[in-house]
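> Just to be clear, the model below is a prediction. Sequence and coordinates:
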Amino acid sequence: TPEITKLAQQGIILDRHYVHWHCSPTRRSLLTGRLPLHHGERLSGIATDDIDLRWKTIGHKLEGVGYKSHWYGKGHTGYMSMNHLPHRLGFSSGHVGFLGGSMSYHGRQRWKEELPYHATSYSTDLYGEAAIAALRAHNTEVPL
């Protein structure tokens, strides 16, 4: 669409970002800027899912230059500690969503920040409503 094209031309176009056939390595690559070969996750599993906390994520980088950023939906960034949860990876608002993979859109295994979140609504609706609420509450003096 013309508006999406305009946004891309005024921003950054990721023309060298390759996706992995499995979702978690791709997510980790997008968050860290590292290819699966360099971040060590090629297959998702409890023993390999944990993002290295020494690395700065895109959330940390945006936060460091004054941006507010939000994360809604699937996390799947690690289980070793609370520091692996999405809202601890540089994103401004508390995460609402799944922590693992292969979850149902109607599933009840969601989290909100550090606590189980027992919403029964369809995931896409839940995340959309959370995003709209964050946009409405956002201070326009701060970059988003």
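Done, it's in.
> now for the least confident helix or strand in the chain by mean pLDDT, which elements pack on it?
Within the chain, judged by mean pLDDT, DSSP states H and E, the helix or strand with the poorest mean is helix 36-39; its value is a mean of 73. Packing contacts for helix 36-39, counted by 3 or more Cβ pairs under 8 Å, 6 or more residues apart in numbering; DSSP states H and E, involve helix 23-32. All C-beta spots, glycine's among them, are computed from the backbone N, C-alpha and C.
> ranges for the strands of this protein?
Defined through DSSP state E, the strands belonging to the chain, from first to last, are 96-98, 110-112, 115-117.
> residue contacts, the closest residue to S123 other than its chain neighbours?
Computed as Cβ to Cβ, 6 or more residues apart in numbering, the closest residue to S123 that is not its neighbour in sequence is Y105, at 4.5 Å. Contacts here follow Cβ atoms under 8 Å, 6 or more residues apart in numbering; on that basis Y105 touches 122-124.
> can you count the residues close to T57?
23 (other Cβ atoms under 10 Å).
> Please apply the same query to I58.
Applying other Cβ under 10 Å, we find 16 other residues in the vicinity of I58.
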